[in-house]
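Engineer: Dropping a prediction and its sequence here:
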Amino acid sequence: VILEDLKKDPEDAAIQARNVGEKILASIEQPCLLGEHQARSSASVGIAIFGPHSGSAQTILQQADIAMHCAQSVGPNGMQFFTPALQFAINARSTLVEELRRAAGANQFLLHYQPQVESNALIGVEALIRWNHPKRGILAPAEFIALAEETGIILTLGNWVLEAACEQIVAWADRKETQDIVVAVNVSGSQFRQRDFVDQALAVIDRTGANPGCIMLEITESMFLQDIKEVIGKMNQLKSHGLRFALDDFGTGYSSLSYLKHLPLAQLKIDRAFVRDILTDPASSAIAQTVISLGRTMRIEVIAEGAETVEQRDLLTSLGCDRFQGYLFGRPMPLNEFEVWLPAFVGGTSPFSHSI
């Protein structure tokens, strides 16, 4: 749609264009009959304001297209304007996607390990991916995982994390103080939905020689939006080979006791949002108490994620939770730092040891 004779001031022209865009969206949104069924449609509108010096028709169409895709990302019936800032963000995103694709083959990823403790003992670690970007340094998952999910690169990353974790399990197997460490690995929904996910996971374990009893696969509730029977089937297949499952961020998504009783879970993780507010928000405390009681009843381990203060730990302990993961005990650490932290913790010389 091309609008002519708009006001000369760009802001006034944008207001006119928005009014027309809203009319288009309202019209498309009207219900219509398809046979005997009433149907509704939605649209996404991208708008580029242009004048005599705005460049070629192709440039203007590209700008409107970029704005439209941004509108789509917001949700149905969205409307966005193209701006130079928007163009910059799109270009930066495209560059990051290309860098992310190359990174997997350039050995730019590494694992950090965050301790999981019970009483005075280390019971496991969570393996957390980091990107050693050649220009920006170490990047946390928040800066690239969503993009990896969106582009499908998450499948490559997920396989790499599982293999790297299994190789570390094998490396630790020869030492008494590390041979029983359980390594928790996050599995994305798109990764788990792959038809051959079970075969791929078992192939990694077979290839590396890792003890499957030392692997905890962390899944999220979003996975249960798909065929729940298929999910349970895959979990049971992997469980039969010795792997265990933890339900991450429990209580924040699609919690349902009806599916929970059918899942072969070994662990529930109390989400860090509840742990963070547990001292000041009665609702968070009540949710934590419910998860702990549920775990006890169903004979499932419960671990509190994001424990940062002694007060949080003490309250959770009083509620019946004795497994923790958080900054109070240890931050996610690269392997060399974890190897320094471990003997200090075991020997009782670490400040984290004394806080338990």
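Structural biologist: Here it is on my side, so go on.
Engineer: in the stretch 201-350 of the chain, which spans are helices?
Structural biologist: 228-239, 257-260, 272-276, 282-298, 310-319, 335-346 (DSSP state H, counting those that start in this stretch).
Engineer: So which bits of the first one are buried?
Structural biologist: Buried residues in helix 228-239, counting neighbours by 16 or more other Cβ atoms under 10 Å, are found at V231, K234, M235, L238, K239. Every residue, glycine included, has its C-beta placed from N, CA and C.
Engineer: What ranges in the stretch 251-356 of the chain fall below the confidence cut-off?
Structural biologist: 251-256, 347-356 (pLDDT under 70).
Engineer: sorry, back to before: how about the buried residues of helix 228-239 in TSV, adding distance to S42 and pLDDT?
Structural biologist: As requested, the buried residues of helix 228-239 are exported to TSV (distance: Cβ to Cβ, whole Å; pLDDT from 0 to 100):
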residue	distance to S42	pLDDT
V231	30	89
K234	34	95
M235	36	95
L238	39	97
K239	42	97
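Engineer: quick check, nearest of those residues to Q108?
Structural biologist: Distances from Q108 to the buried residues of helix 228-239, taken as Cβ to Cβ, are shortest for L238 (28.7 Å).
Engineer: quick one, what contacts that closest one?
Structural biologist: V198, A201, L202, L217, F245 (Cβ atoms under 8 Å, 6 or more residues apart in numbering).
Engineer: hey, what's the fourth one bridged with?
Structural biologist: In this case it means L217. V185, F245 (DSSP bridges).
Engineer: if we can go back for a sec, dump the contacts of L238 to CSV, plus pLDDT and neighbour count.
Structural biologist: What follows is these, written out as CSV (pLDDT from 0 to 100; neighbours: other Cβ atoms under 10 Å):
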residue, pLDDT, neighbour count
V198, 97, 18
A201, 97, 28
L202, 97, 15
L217, 98, 20
F245, 97, 22
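Engineer: Which residue ranges of the stretch 51-200 of the chain form helices?
Structural biologist: 57-74, 84-105, 145-151, 154-172, 189-192, 197-208.
Engineer: Leaving out chain neighbours, which residue sits closest to R93?
Structural biologist: L147 (7.1 Å; Cβ to Cβ, 6 or more residues apart in numbering).
Engineer: pLDDT at that neighbour, what is it?
Structural biologist: Confidence at L147, expressed as pLDDT, is 89.
Engineer: The one 10 residues further on now?
Structural biologist: As predicted, L157 sits at a pLDDT of 96.
Engineer: That one touches A104, doesn't it?
Structural biologist: Yes - between L157 and A104 there is a contact at 6.9 Å, judged by Cβ atoms under 8 Å.
Engineer: higher neighbour count, those two?
Structural biologist: L157 (22 against 16; other Cβ atoms under 10 Å).
Engineer: From the buried residues of helix 228-239, pick the one nearest N77.
Structural biologist: V231 (32.1 Å).
Engineer: which ones are touching that closest one?
Structural biologist: F192, M223, F224, L263.
Engineer: what's the closest of those to A17?
Structural biologist: Nearest to A17 out of the contacts of V231 is M223 (Cβ to Cβ; 41.6 Å).
Engineer: Tell me how many other residues crowd the closest residue in space to D322 that isn't next to it in sequence.
Structural biologist: Excluding the flanking residues, the one nearest D322 by Cβ to Cβ, 6+ apart is E118, at 5.7 Å. Using other Cβ under 10 Å, E118 has 15 other residues around it.
Engineer: contacting residues around E118?
Structural biologist: Taking Cβ under 8 Å, 6+ apart, one finds D322, R323, F324 in contact with E118.
Engineer: Quick check: the farthest pair among the contacts of L238?
Structural biologist: Farthest-apart pair in the contacts of L238 is L202 and F245; separation 14.8 Å (Cβ to Cβ).
Engineer: re earlier: could I get the contacts of E118 as CSV with neighbour count?
Structural biologist: Converted to CSV, the contacts of E118 look like this (neighbours: other Cβ atoms under 10 Å):
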residue, neighbour count
D322, 15
R323, 21
F324, 25
